[in-house]
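> Any chance you could fold what I've pasted below:
(4 chains)
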Number of protein chains: 2
Amino acid sequence: MIRDEALRLFAEHGPDAVSVRQIAAAAGVSAALVVHHFGSKEALREVVDHHVLETFDAMLTEMTGEQAPDLYDPAATGSLVEAVLRHLPPDSPMPAYLRRMLLTDSEAGKELFAKIFAVSEGMLAALSEAGMAAPGADPAVRAAFLMANDLAVLLLRDRLTEVLGVDPLSQEGMARWAAEVLAVYARGLSPSLEVGDAS
Amino acid sequence: MIRDEALRLFAEHGPDAVSVRQIAAAAGVSAALVVHHFGSKEALREVVDHHVLETFDAMLTEMTGEQAPDLYDPAATGSLVEAVLRHLPPDSPMPAYLRRMLLTDSEAGKELFAKIFAVSEGMLAALSEAGMAAPGADPAVRAAFLMANDLAVLLLRDRLTEVLGVDPLSQEGMARWAAEVLAVYARGLSPSLEVGDAS
DNA sequence: CAGAATACTAAACGAGCGTTCAGCTCCTGT
DNA sequence: ACAGGAGCTGAACGCTCGTTTAGTATTCTG
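As a prediction, this is how the structure comes out:
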């Protein structure tokens, strides 16, 4: 499928660094056919964007059950990134493509981010209602903070792999990362179990 | 200066999206001179990378005094991003360029990230020695987590501005953001001041 | 003041880009 | 059987890119 090869190449190199001829070669067709089918390279990019967004939406609705407040589970940390990755084959181009969408100033990226933010807000609200977390003085910012922390692992994956010596999105990496995140979310950075003065 | 115009344009649009002719026009010279001066566009990019890295290093060494453990200060949060931004004019292209360096797979970006990670590790160690934080079960990962949280605001700045309605790197945005971050770092997400069971 | 280096430019080159075009299969409906 | 359209292609077009070249001012040096 032309679209899937485009998705793969776009995810790996970025749309601007991939030529129509490369996509055509990867899909085993001519460059002219790619354009004939989608109208233009830009239109193909929009089709891929839309496809990724749809797939993500499907995963999200499928996960809203499983994603329910088991925040303090060792397996499911309330990390959306972790949950999404578990639903994808290890060689899927989706994470890299989603990463690009989040970092690029496109309409689709904006939509994706807003969606994730809504999930984050919903999770915090549910957690709060269950008495497992406080919404904080500024719930929107707290939800954004939790979301940003979660996404950071995806955005900085390669860099973190370099300095930690382990891919934070691998099995082992996620376990180590989640342990620290949960510890901080449970007790903060405090050295003791007692919370000292905070004024 | 040609280099400064290149820095500005690279930061705004990314090196690949900026042509030598654009840089030349912005600097008020011919395209040929740009190449003659730096050898090639790629070499110019390396000069800019090096310049940014040097500037960042200078800021870092200047800040290591001021950056000392005043983590729980309302002004200086232990946020490196915040501290760097305070040392820069509001229209500086540096933050955007640093953001690109962190997100791109270049040697300079790798170096930059390693440097920031070292600072983060150092800060956590200092905080720990001062009894203000625990190094956690996995100090490297904890330092990486704190760093990632900090950087996320820079990486997702535009997106967060969209959903929050306020630039998280503006005066007001930083205050709101820092308040929540400090609250979580101090007490975790717990709804009460008492830490419940955590097993 | 001569002469060489330096700063700089306009013009052109070759390559790669997205896209267009004319035409070639090859399946389908009548 | 055979028109007709869909699927598909190689070649070409116009454009922009980074870079090269040949040459002109300008400035430094003896």
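
> Can you list the residue ranges for helices in chain A?
A:2-13, A:20-27, A:31-38, A:41-66, A:80-86, A:94-103, A:107-129, A:139-155, A:157-164, A:171-187 (DSSP state H).

> Need these in a markdown table (columns: distance to B:Thr104, mean neighbour count and mean pLDDT).
Bear in mind the C-beta positions are built from the backbone N, C-alpha and C, glycine included. Output for those, formatted as a markdown table (distance: least, C-beta to C-beta, whole Å; neighbours: other C-beta atoms under 10 Å in any protein chain shown; pLDDT from 0 to 100):
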| stretch | distance to B:Thr104 | mean neighbour count | mean pLDDT |
| --- | --- | --- | --- |
| helix A:2-13 | 12 | 20 | 97 |
| helix A:20-27 | 20 | 17 | 96 |
| helix A:31-38 | 27 | 15 | 95 |
| helix A:41-66 | 20 | 15 | 90 |
| helix A:80-86 | 21 | 19 | 91 |
| helix A:94-103 | 11 | 20 | 98 |
| helix A:107-129 | 17 | 17 | 92 |
| helix A:139-155 | 12 | 23 | 96 |
| helix A:157-164 | 10 | 19 | 97 |
| helix A:171-187 | 22 | 19 | 92 |
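
> Now render those as JSON lines, adding distance to B:Asp4.
Output for the helices of chain A, formatted as JSON lines (distance: least, C-beta to C-beta, whole Å):
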{"stretch": "helix A:2-13", "distance to B:Asp4": "29"}
{"stretch": "helix A:20-27", "distance to B:Asp4": "35"}
{"stretch": "helix A:31-38", "distance to B:Asp4": "39"}
{"stretch": "helix A:41-66", "distance to B:Asp4": "32"}
{"stretch": "helix A:80-86", "distance to B:Asp4": "37"}
{"stretch": "helix A:94-103", "distance to B:Asp4": "25"}
{"stretch": "helix A:107-129", "distance to B:Asp4": "29"}
{"stretch": "helix A:139-155", "distance to B:Asp4": "28"}
{"stretch": "helix A:157-164", "distance to B:Asp4": "27"}
{"stretch": "helix A:171-187", "distance to B:Asp4": "39"}
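
> closest one to B:Phe113 among the ones you listed?
Each of those has some distance to B:Phe113 by C-beta to C-beta; the shortest is helix A:157-164, at 4.5 Å.

> before we move on, the earlier item: reformat the helices of chain A as a markdown table; add distance to DNA strand D.
Converted to a markdown table, the helices of chain A look like this (distance: least, C-beta to the nearest atom of the strand, whole Å):
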| stretch | distance to DNA strand D |
| --- | --- |
| helix A:2-13 | 8 |
| helix A:20-27 | 7 |
| helix A:31-38 | 3 |
| helix A:41-66 | 12 |
| helix A:80-86 | 32 |
| helix A:94-103 | 21 |
| helix A:107-129 | 24 |
| helix A:139-155 | 26 |
| helix A:157-164 | 25 |
| helix A:171-187 | 37 |
